[in-house]
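K.L.:
Based on what follows, work out the 3D shape:
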Amino acid sequence: MPSTESLCREIERNLPDRPFTIEFWDGGRVPATKDGSPTLKFRSPRALTQVLRAPGELGLGRAYVLGDIEVDDLDGVISLLGRWSPRDLGVAGKARLGLASLRAAGLHRPPPPPAAELRPSRERHTKGRDSEAVRHHYDVSNEFFSLFLDDSMTYSCALFEEGINTLEEAQFNKLEAICSKLELRPGMSVLDIGSGWGSFGIHAAREHGAQVLGITLSPPQAARANERAAEAGVADLVRFEVRDYRDLGSERFDAVVSIGMVEHVGENQIDEYAHHLQRVLAPEGKILNHGICRVPAEEGGVHIGGDFANRYVFPDGEILNLSRTIVAVERAGLETRHVEGLITDYAETLRHWAQRLDENLEEAERQVGSERLRVWRLYLRAARNGFETGGTVVYQVLCSHPVIEPPTPAPSGRRHATVRRPAPAVTSVS
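P.N.:
A predicted model of the protein is given here:
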């Protein structure tokens, strides 16, 4: 029978600094070099085979989703991402470690990836493939998302201000802040691109009397959003449809909002996306784009959360630099009016979501099964870690058609712009 004894020796030799303990199915064990470290237990040779098949986060993620790796402290493991870097093993070290892993796992056919994994086959960011990717993420189950989102079903960064403690209050505050930036008034027409379960559209209609068209690529989302609009008594002001932003017609809107949707657009489509927003905006209107960005500044887009999230959570999701988004806005003939960063707010939002999901594990598994539940428990923590370590950020960008205004001289005689947080909005949920 294969043994993990030589693998344990190679791990200890090549990783003298180990902020984690590894345990194997046959009793082999590599202890951590720091107290209070998490433990990863490889329950079968299949776990090693997954890692050998796809070294790095994808292989580890697959084994965890399948239940072949157990973790006693998931938060502790996630906290190592971006904070711990093993020393360079070199070619010889990698070869010895790989050979020891093969001996420990034994020779057998690699297991198939988990059923929750998606690898779209069509050309990237076509309408068909975008629809498939979005439905993979959002069509998991409306009821599942309700287990960790707030009562408004707002699936984006909340806005926490002093005196705000609950997720419901923070999401109301965020929605109200967006309405304030757009200067919504009764009767204004609003387009909500990527409308989700309708939280913004319902809020804009109920609190400000706006008339809202929300579009999404997820049929279950649109159906539930329309139900929620009726329940809120604003069905005469709000409607939600399954439609791609590229299929918008000649209608014009007084305001356009896109909250957490731009991540699905991609580097190759961001300029076209901005042009579509510009085309449907009325001459005096405003656009607010709320989306995740990345640092540092580099050309091109990167997958949200890396290889694991790209296969299991956000297929084809890409995050760009803030500067790239603003360039697209300017190429479309729009003018940037205001930029606000919400990085700490998103980390706190994700903390609430992860905690709420953990409080409903039994029902969540009944809704989506053990594999999907493991995906989301892992993803919510990894996403929070990205904001805490500075790898990802989130911005709201307010823009409009160019506006010529009388100059207001600064003390130096030159105009200047300021970027600031809005004043605290209403913080009670009606």
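K.L.:
give me the low-pLDDT residue ranges for the chain?
P.N.:
1, 82, 120-125, 127-130, 133-139, 297-306, 404-430 (pLDDT under 70).
K.L.:
need the longest strand for it.
P.N.:
strand 281-294 (DSSP state E).
K.L.:
Only the buried residues of it, if you could.
P.N.:
281-282, 285-294 (16 or more other Cβ atoms under 10 Å). From N, CA and C alone the C-beta is placed, and that goes for glycine too.
K.L.:
Just the closest of those to residue 180, please.
P.N.:
residue 288 (10.3 Å; Cβ to Cβ).
K.L.:
didn't that closest one look like it was pressed against residue 258?
P.N.:
Yes: at 7.3 Å, residue 288 counts as touching residue 258 under the criterion of Cβ atoms under 8 Å.
K.L.:
hang on, the earlier thing: and the buried residues of strand 281-294, which two are the farthest apart?
P.N.:
282 and 294 (31.9 Å).
K.L.:
that older thread, just curious, which of the buried residues of strand 281-294 is nearest to residue 95?
P.N.:
Distances from residue 95 to the buried residues of strand 281-294, taken by Cβ to Cβ, are shortest for residue 294, at 33.6 Å.
K.L.:
Who are the contact partners of the closest one?
P.N.:
302, 319-321, 391-393 (Cβ atoms under 8 Å, 6 or more residues apart in numbering).
K.L.:
in terms of contact, does residue 59 touch residue 47 like I think?
P.N.:
No: the pair residue 59 / residue 47 is not scored as a contact, 9.0 Å apart, by Cβ under 8 Å.
K.L.:
Looking at those two, which is more packed in?
P.N.:
Using other Cβ atoms under 10 Å as the criterion, residue 59 and residue 47 rank with residue 47 on top: 26 against 21.
K.L.:
any idea how far the closest residue to the more buried one other than its chain neighbours lies from residue 368?
P.N.:
Spatial nearest neighbour of residue 47, chain neighbours left out: residue 68 (3.7 Å); criterion: Cβ to Cβ, 6 or more residues apart in numbering. Residue 68 sits 19 Å away from residue 368, going by Cβ to Cβ, to the nearest Å.
K.L.:
Surely residue 334 and residue 273 touch.
P.N.:
No: Residue 334 is beyond contact range of residue 273, at 11.8 Å (criterion: Cβ under 8 Å).
K.L.:
just the angle between the lengthiest helix in the chain and strand 281-294, please?
P.N.:
Using DSSP state H to define each element, the chain has its longest helix at helix 361-389. Put simply, helix 361-389 runs at 90 degrees to strand 281-294, going by axes from the mean of the first three to the mean of the last three Cα atoms, to 10 degrees.
K.L.:
Any buried residues in helix 361-389, and which?
P.N.:
364, 367-368, 371-388.
K.L.:
so how far is residue 92 from residue 274?
P.N.:
From residue 274 to residue 92 the distance is 50 Å (Cβ to Cβ).
K.L.:
And these two? Which one has more around it.
P.N.:
Taking other Cβ under 10 Å, residue 274 and residue 92 do not tie; residue 274 has more neighbours (25 against 9).
K.L.:
Report the inter-axis angle for the helix or strand containing that one versus strand 281-294.
P.N.:
Using DSSP states H and E, residue 274 sits in helix 270-280. Between helix 270-280 and strand 281-294, the angle comes out at 150 degrees (the same axes, to 10 degrees).
K.L.:
got the contact list for helix 270-280?
P.N.:
191, 193, 245-246, 248, 251-253, 256, 258, 262, 265, 287, 289, 320, 324-325, 328-329, 331-334, 401.
K.L.:
Return the distance of that helix from the chain's centre.
P.N.:
22 Å (Cα atoms, centre = their mean, to the nearest Å).
K.L.:
For that helix, list every residue counted as buried.
P.N.:
270-274, 276-278, 280.
K.L.:
would CSV of these with distance to residue 20 be doable?
P.N.:
Shown next, in CSV, are these (distance: Cβ to Cβ, whole Å):
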residue, distance to residue 20
270, 39
271, 44
272, 45
273, 41
274, 44
276, 47
277, 45
278, 50
280, 51
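K.L.:
of those residues, closest to residue 169?
P.N.:
residue 277 (29.9 Å).
K.L.:
quick check, nearest of the contacts of residue 294 to residue 102?
P.N.:
Distances from residue 102 to the contacts of residue 294, taken by Cβ to Cβ, are shortest for residue 302, at 31.3 Å.
K.L.:
residue contacts, residue 150?
P.N.:
158, 166-168, 171.
K.L.:
oh sorry, the question was meant for residue 225
P.N.:
With Cβ under 8 Å, 6+ apart, residue 225 has these contacts: 195-198, 201-202, 214, 216, 240.
K.L.:
so how far is the longest strand of the chain off the chain centroid?
P.N.:
19 Å.
K.L.:
What is the burial count for residue 295?
P.N.:
Residue 295 has 13 nearby residues by other Cβ under 10 Å.
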